[in-house]
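> Below are the sequence and a predicted model for it; my questions follow.
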Amino acid sequence: MERKVRVRFAPSPTGPLHIGGVRTALYNYLFARQHGGEMVLRIEDTDQTRFVPGAEDYIIEALDWLGIKFDEGVHIGGPYGPYRQSDRKAMYRQYAEQLLRDGWAYYAFDKPEALDAKRKEYEAQKKTFQYDCNTRGEMENSLSLPADEVQRRLQSGEQYVVRFKFPSNTDITVHDLIRGDVTMNSNLLDDKVIFKSDGMPTYHLANIVDDHTMKISHVIRGEEWLPSAPLHVMLYRAFGWEDSMPRFAHLPLLLKPEGNGKLSKRDGDRLGFPVFPLDWHDPKSGELSSGYRERGYFPEAVVNILAMLGWNPGTEQEIFSMDELIQAFSIEHVSKSGAKFNVEKAKWFNHEYMQMQDDESVAKMFEPILEEHGIHADHAYVVKVCGMMKERISFISEMWDQTSYFFTAPTAYEPAAVKKRWKPGMTTHINKIIDILNTQPFEYDALHKAILDEYIVGNQLNMGQIMNSFRLAVVGDTKGPDMLTLVMVIGKEETLSRLKRAVEVIGEPAAE
């Protein structure tokens, strides 16, 4: 019978959640939902020295903002809890003791200074020391010491670690859903520490025990865990759990925009983009790291960006809703090679999602920014302006720069534009436009006919010169939408006021 799909996202609360981790959570979520399965949030906090206050809450809030939902987890409970490893501490010792009894693990008493001395001894011979099947006989452990000496040390409370005992010269194959079979010989692997005398397991033991007891069917994680996978396979074998071992899929790295190396916070700082989903205030340093939410990204855009970094739908489609991603996603279409983060493409995705927002939603996002600038405009007017101008922006923070002239008359005029556009005789042309506005019906078609067709074309005048000066007088610069559309929005009286002021302030330039 086919196993029920159960996946887990298992971050460590050591700081903010990197977007590479978010992508791992997303791929797990898509896989689980596509197969009618369940998704678990487990917090892996076995290394208490690296614990950062607030990190767990940050992880939960970030994933919730992105719409990545869990069926069980540290924040909602479930039948396989507790879901925080530090709350499961008591159970791990029995599994470590089982491995010791069955000959799959051993006690190691080596002091840190003895390990350092051994490393230096190897370095002097231009070798690298590894605690493994070839060197463990030289060290202080329960394989090299007499049994009574081992008991004496344990009873006296001497510090120890429990190491996994790899068999010598054994090929270990990891069946990976993305990479195919990956085989490594045990002689190349070190006997990893799996349990410490403080009663805490290391990641490796806790991870395997938790995945087994939580009935996890698929482990989808970053490729940085691939070197650990042979140990994990051997732990399943040592416990006699090989038949129920989850299937593995190791995701490609997220790379720097230049492609050389893993994407880091420094890359984001250097190139001006976030690598975290939400703003993070470091409780130790006080440093603020920016997040996608606070930068004005839509959560749906961030999901879409991350989905396409390492996965290809096999079609030309780029914009996917979460439901569409669930339908289309497949582990088989995940790339083996790293995916370069493209800053401009990320902005493009947000631009596309901005266009999908209705005008009312954009206006509600924009109104707090207007208030910051002391503007209290009629809501229907704001909706109208946002509808006209949203196609020009990728982020709501850009809207004021694109639309300020809809709300306030210019107090200055862009000098380069004045020099280029406001030529001798321009005050005459602007005064003529003022006359037309005063005498013609204030309707788009009527003004188009009177200003563009009859006055400018009819008198064989320079269309670009006059219309750009008209724009300069109304906007203060040569940017903005179709000029007559803009005039229709701000109204006749406001347009006339701005034109008259420009004539007064800029005046008639001297003949060249």
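Ah, there it is.
> Domains in the chain, by residue range?
Domain assignment of the chain by automatic domain parsing yields the ranges 1-74+252-355, 87-251, 357-398, 409-506.
> Present the ones you listed as CSV; the columns should include mean pLDDT, mean neighbour count and distance to residue 81.
C-beta coordinates here come from the backbone N, C-alpha and C atoms, glycine included. Below are these laid out as CSV (pLDDT from 0 to 100; neighbours: other C-beta atoms under 10 Å; distance: least, C-beta to C-beta, whole Å):
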stretch, mean pLDDT, mean neighbour count, distance to residue 81
domain 1-74+252-355, 94, 18, 7
domain 87-251, 96, 17, 8
domain 357-398, 97, 16, 39
domain 409-506, 96, 16, 57
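> Export those to JSON lines and append columns for distance to residue 80.
Converted to JSON lines, the domains of the chain look like this (distance: least, C-beta to C-beta, whole Å):
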{"stretch": "domain 1-74+252-355", "distance to residue 80": "7"}
{"stretch": "domain 87-251", "distance to residue 80": "4"}
{"stretch": "domain 357-398", "distance to residue 80": "40"}
{"stretch": "domain 409-506", "distance to residue 80": "57"}
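> And the helices in the stretch 1-150 of the chain?
For the stretch 1-150 of the chain, the helices defined by DSSP state H, counting those that start in this stretch cover 19-34, 55-65, 89-101, 112-124, 147-155.
> To residue 418, which of the ones you listed lies closest?
With C-beta to C-beta as the measure, helix 19-34 is the member of the helices of the stretch 1-150 of the chain nearest residue 418 (45.1 Å).
> What helices and strands are in contact with that closest one?
Counting contacts by 3 or more C-beta pairs under 8 Å, 6 or more residues apart in numbering; DSSP states H and E, helix 19-34 packs against strand 6-9, strand 38-41, helix 55-65, strand 218-222, strand 247-251, strand 254-255, helix 299-307, helix 322-328.
> One more pass at 7 Å, please.
Other helices and strands packing on helix 19-34, by 3 or more C-beta pairs under 7 Å, 6 or more residues apart in numbering; DSSP states H and E, are strand 6-9, strand 38-41, strand 218-222, strand 254-255, helix 299-307, helix 322-328.
> Any chance of the helices of the stretch 1-150 of the chain in TSV with distance to residue 420 as columns?
Compiled in TSV, the helices of the stretch 1-150 of the chain are given as follows (distance: least, C-beta to C-beta, whole Å):
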stretch	distance to residue 420
helix 19-34	44
helix 55-65	46
helix 89-101	73
helix 112-124	69
helix 147-155	87
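> got the helices and strands packed on helix 19-34 as TSV, with distance to residue 366 columns?
Shown next, in TSV, are the helices and strands packed on helix 19-34 (distance: least, C-beta to C-beta, whole Å):
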stretch	distance to residue 366
strand 6-9	35
strand 38-41	35
strand 218-222	38
strand 254-255	32
helix 299-307	18
helix 322-328	26
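> nearest to residue 109, of those?
Set against residue 109 and scored by C-beta to C-beta, the helices and strands packed on helix 19-34 come closest in strand 218-222, at 32.6 Å.
> Tell me the helix or strand right after that closest one.
helix 229-239 (DSSP states H and E).
> Go ahead and list the helix or strand containing residue 427.
Residue 427 belongs to helix 426-439, assigned by DSSP H and E.
> Does anything pack onto that helix? Which helices or strands?
Against helix 426-439 (3+ C-beta pairs under 7 Å, 6+ apart) you get helix 463-475, helix 492-506.
> and the next element down the chain from it?
helix 444-447.
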